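Peer 1: Okay, here's the prediction I keep looking at, along with the sequence it came from:
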Amino acid sequence: MRLIHWLYVTALFVPAIARLAQKVSTDTGGFTSRFGPLLAVLLLAAGFIGYRQKKAILISSFWRWIVGLLGFGFVGLFSFGIYLFIFVGKPVLAEAAVITITSLAAIPALISLFKYSKPNNDIWKSGELPKEEPNSNT
């Protein structure tokens, strides 16, 4: 995995950790509102790393289910951010921007997770994807 991929995974964790810190410092919310974003990003990052490292983690049907769940969640998150922009406006402009940007930032990882979760992917047959051969069109 290249450095840019590790930086992307790290950037995915920033809003989730910030949300956890905000909830803990204000002593609000239950288990789900405190740890839900962190768990979602952890699953997203694990699948993304598994896809990029070409390693099988758990089984493909688990990841297919996670893709659907996280995809639905991030669409809802994006919709909520747009709703806040349009109907609430200035009082929550910063929060709406963070929500919208976070949901858009997850798209590349969701796409990788979707490709990773395909049952006919070679990774689930052999435990490892074949190495890419260098391009000989030079």
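Peer 2: Thanks, I have it.

Peer 1: Break down the protein into its helices, ranges please.
Peer 2: Ranges of helices within the chain are 3-26, 31-53, 60-83, 93-105, 107-116, 123-126, based on DSSP state H.

Peer 1: can I get these in CSV with mean neighbour count?
Peer 2: C-betas here are computed from N, CA, C, even on glycine. What follows is these, written out as CSV (neighbours: other Cβ atoms under 10 Å):
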stretch, mean neighbour count
helix 3-26, 14
helix 31-53, 17
helix 60-83, 16
helix 93-105, 16
helix 107-116, 18
helix 123-126, 15
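
Peer 1: Redo those helices as CSV? Include mean pLDDT.
Peer 2: Below are the helices of the chain laid out as CSV (pLDDT from 0 to 100):
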stretch, mean pLDDT
helix 3-26, 82
helix 31-53, 83
helix 60-83, 88
helix 93-105, 85
helix 107-116, 88
helix 123-126, 71
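
Peer 1: contacting residues around the most centrally placed residue in the chain?
Peer 2: Nearest to the geometric centre of the chain sits residue 44, at 3.8 Å (Cα atoms, centre = their mean). Going by Cβ atoms under 8 Å, 6 or more residues apart in numbering, residue 44 touches 12, 70, 106, 109, 110, 113.

Peer 1: redo that, cut-off 7 Å
Peer 2: Applying Cβ atoms under 7 Å, 6 or more residues apart in numbering, we find residue 44 in contact with 12, 70, 106, 109, 113.

Peer 1: do the same with residue 7
Peer 2: Residue 7 makes contact with no residue, according to Cβ under 7 Å, 6+ apart.

Peer 1: Surely residue 43 touches residue 67?
Peer 2: No: in this structure residue 43 lies outside contact range of residue 67 using Cβ atoms under 7 Å: 9.8 Å.

Peer 1: Just the pLDDT at residue 133, thanks.
Peer 2: Residue 133 carries a pLDDT score of 51 in this model.

Peer 1: repeat for residue 137
Peer 2: pLDDT, residue 137: 56.

Peer 1: again, but for residue 127
Peer 2: At residue 127, the pLDDT value in this model is 52.

Peer 1: count of neighbours near residue 56?
Peer 2: 19 (other Cβ atoms under 10 Å).

Peer 1: can you give me phi and psi for it?
Peer 2: Backbone torsions of residue 56, given as degrees, to the nearest 10, read phi -80, psi 120.
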